[in-house]
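**Q** Predicted structure and sequence below. I'll ask about it afterward.
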Amino acid sequence: VDTMSQSPMDNAGINPTQVSFEEAGLDMATVARFVSAHNRKPGHVAFIGRADSQFAGNTKYLFLHVLEQEPELNATFVTLNQEVYSLLRDKGLPVAMYPETDALTALAEASCVVVNDFHYRTQLMHLFTNGAFVLQLWHGVGFKKIGFVEAETSEHMTPEKRDYLRDMYSGYDAVISTSPFYSRNLFATSFGAGEIWETGYPRNDVLLRQPSKLEFLGSDPKLCGRMRHIRTERRIGLYAPTFRDDGGDPFIHGVLDMDRLESFLAANAMTLFIKMHQFCNTYTLDESPYIQILPNSLDIYPMLSQVDFMITDYSSIYTDYLLLDRPVLFFPYDREDYAQRLREFQFDYDEMTPGPKCFSQESLQQALLEVAQGRDLHRVERRAALKRAFGHASPRSCAKVAAKLKLAALGRVHAPMGRVATG
């Protein structure tokens with residue numbers, strides 16, 4: 001296995017250090033000029049890309065939906081990534097490269113700003129968004145502590161990080177949620193937001209219907225077609241381990257013998273795709289029909305419907321995958337160390353993870369053997385977890401969020417603090 005290092009990020013998916021004006025390519029005069037010269041325009045919406053610079057996640061899918069289905073809204077995607085900028089520009093989509101003039105104008109004139117994490121603040125974009133309605137889409141629901149809960153209850157919390165978390169999780173006009181359970185126990189307790197919109201996650205619509213051509217931007221339609229072909233001969237699995245704050249991962253920790261795993265997969269008619277977290281190291285393997293490593297930056301969601309089973313550890317991707325009602329295997333080989341030293345859990349791990357818990361390659365392969373034999377021992381648990389996470393799922397999350405966003409963008413909503421709005 002060959003590796004290439006990535007830049008370390010914090011557990012919220014951003015670098016907690018705020019950049020300077022010089023690093024952001026700005027100066028006080030530019031900020032003052034834009035703030036004073038531009039008024040917010042009803043119906044103008046700025047979508048800010050992710051800290052990892054992928055064209056993926058909830059912002060991607062909501063942005064594309066708004067372009068196609070909400071002609072009253074004037075949407076612009078703001079990115080710091082040249083590849084994403086070129087990708088969208090070449091398709092004729094409204095995109096702006098921060099901190100170029102058109103990006104600053106889009107931010108300064110937006111009546112609504114849609115974000116997926118915090119990096120718009122560390123990159124000083126928030127200087128141009130004051131006064132706009134800020135919608136936080138966030139990027140996953142699972143069982144780890146985040147936000148205010150992490151700040152106030154974690155054992156190894158420094159004063160600096162506590163202040164950082166309090167600040168970054170505050171000041172939103174709305175945050176979206178996937179269910180009453182997560183509204184009550186995660187978003188209401190971890191975020192400072194005026195309203196919680198129980199709409200579901202926009203990115204999950206493509207799990208429940210066919211992706212459009214535009215939704216394959218940032219993904220790989222050819223790979224999706226190849227996966228369809230592989231499924232006629234073998235089961236397809238996805239291994240998606242989470243990011244660890246110390247930079248560790250299953251390859252660094254040496255917990256998998258890849259030659260032995262490949263032989264097992266070949267003998268049991270399986271192909272395993274490995275998708276590392278976007279902030280993890282990048283790995284390559286010799287070409288094999290049984291184990292293939294996908295690019296870290298790939299948007300996997302348009303092809304999740306081609307995956308027959310998933311392996312993960314602490315990543316919230318398994319929660320979304322519950323929508324397909326297929327086996328999930330958990331491989332938390334470093335569970336005790338992870339929970340004590342890296343990320344504390346808000347909810348009980350065993351209760352929240354509806355699948356076998358594998359702590360070694362041997363137990364993982366035993367669980368995979370059950371999948372290969374068509375034995376699904378955790379379906380009842382999965383369906384209970386699905387109901388808790390999503391209630392009644394449908395491929396209309398984009399439409400639900402967009403309907404509320406349109407009201408906010410056109411100046412027709414001002415929510416009281418903490419109100420939960422469903423539908």
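**A** That came through fine.

**Q** who does residue 238 bridge with?
**A** Residues in a beta bridge with residue 238, per DSSP bridges, are residue 273, residue 310.

**Q** pLDDT wise, what is it at?
**A** pLDDT recorded at residue 238 is 98.

**Q** looking at it, it is touching residue 310, isn't it?
**A** Yes. Judged on CB atoms under 8 Å, residue 238 makes contact with residue 310 at a distance of 5.1 Å. To be clear about C-beta, it is placed using only N, CA and C from the backbone, and glycine gets the same treatment.

**Q** Now for the two: what residues contact both?
**A** Common neighbours of residue 238 and residue 310, using CB atoms under 8 Å, 6 or more residues apart in numbering, do not exist here.

**Q** for the protein, which spans come out with low pLDDT?
**A** The chain contains residues with pLDDT under 70 at 1-17, 52, 412-423.

**Q** got the phi/psi numbers for the residue nearest the centre of it?
**A** Against the mean C-alpha coordinate of the chain, by CA atoms, centre = their mean, the closest residue is residue 139 at 3.6 Å. Main-chain dihedrals, residue 139, degrees, to the nearest 10: phi -140, psi 30.

**Q** any idea how far residue 322 is from residue 370?
**A** 18 Å (CB to CB, to the nearest Å).

**Q** To clarify, my last question referred to residue 411.
**A** Distance from residue 411 to residue 322, by CB to CB: 37 Å.

**Q** Between the two, point out the one with more neighbours.
**A** residue 322 (23 against 13; other CB atoms under 10 Å).

**Q** Tell me where the stretch 51-200 of the chain has helices.
**A** 57-69, 82-90, 101-109, 119-122, 147-153, 159-168, 180-182, 188-190 (DSSP state H, counting those that start in this stretch).

**Q** Which neighbouring elements make contact with the last one?
**A** Packed against helix 188-190, as judged by 3 or more CB pairs under 8 Å, 6 or more residues apart in numbering; DSSP states H and E, are the following elements: helix 147-153.

**Q** cool, and the third one?
**A** If you count contacts as 3+ CB pairs under 8 Å, 6+ apart, helix 101-109 packs onto helix 28-37, strand 41-48, strand 74-79, strand 95-97.

**Q** how does it look with 6 Å?
**A** On a contact count with 3 or more CB pairs under 6 Å, 6 or more residues apart in numbering; DSSP states H and E, helix 101-109 meets strand 41-48, strand 74-79, strand 95-97.

**Q** Can you list the buried residues in the first one?
**A** Residues of strand 41-48 classed as buried by neighbour count (16 or more other CB atoms under 10 Å): 43-48.

**Q** what's residue 394 sitting at in phi/psi?
**A** phi -150, psi 160.

**Q** thought the residue nearest to the centre of the chain was touching residue 116?
**A** Yes. Counting by CB atoms under 6 Å, residue 116 is a contact partner of residue 139 at 5.5 Å.

**Q** what is in contact with these two at once?
**A** Common neighbours of residue 139 and residue 116, counting by CB atoms under 6 Å, 6 or more residues apart in numbering, are residue 57.

**Q** which residues of the stretch 251-400 of the chain fall in helices?
**A** Applying DSSP H, counting those that start in this stretch to the stretch 251-400 of the chain gives helices spanning 258-267, 317-321, 335-337, 349-352, 361-372, 379-390, 397-409.

**Q** how about those, which one is nearest residue 181?
**A** helix 379-390 (4.9 Å; CB to CB).

**Q** what angle sits between that closest one and helix 397-409?
**A** Angle, helix 379-390 to helix 397-409, by axes from the mean of the first three to the mean of the last three CA atoms, to 10 degrees: 10 degrees.

**Q** I would like the residues contacting helix 379-390, please.
**A** Contacts for helix 379-390 (CB under 6 Å, 6+ apart): 178-179, 181, 319, 322, 354.

**Q** Identify the residues contacting residue 92.
**A** By CB under 6 Å, 6+ apart, residue 92 lies in contact with nothing.

**Q** And it, how close does it get to residue 67?
**A** With CB to CB as the criterion, residue 92 and residue 67 are 10 Å apart.

**Q** What's the local residue count around residue 210?
**A** Around residue 210 there are 9 residues (other CB under 10 Å).

**Q** Tell me the secondary structure at it.
**A** coil (DSSP: H, G, I helix; E, B strand; the rest coil).

**Q** Kindly provide the distance from it to residue 310.
**A** Residue 210 is 20 Å from residue 310, by CB to CB.

**Q** just residue 354 next, same as before
**A** 11 Å.

**Q** again, but for residue 127
**A** 40 Å.

**Q** hang on, the earlier thing: please produce CSV containing the contacts of helix 379-390, extended by distance to residue 78.
**A** Rendered in CSV, the data for those read as follows (distance: CB to CB, whole Å):
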residue, distance to residue 78
178, 25
179, 30
181, 33
319, 28
322, 32
354, 38
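
**Q** hang on, the earlier thing: closest to residue 219 out of the buried residues of strand 41-48?
**A** residue 47 (17.6 Å).

**Q** do you know which of the helices of the stretch 251-400 of the chain lies nearest residue 20?
**A** Once the helices of the stretch 251-400 of the chain are compared by CB to CB, helix 397-409 is nearest, at 31.8 Å.

**Q** Now do that closest one: everything it contacts.
**A** 43, 45, 61-62, 65-66, 70, 73, 111-112, 133, 197, 199-202, 204-205, 413.

**Q** go with 7 Å
**A** 42-43, 45, 61-62, 65-66, 69-70, 72-73, 111-112, 133, 135, 176, 197, 199-202, 204-205, 413, 421, 423 (CB atoms under 7 Å, 6 or more residues apart in numbering).
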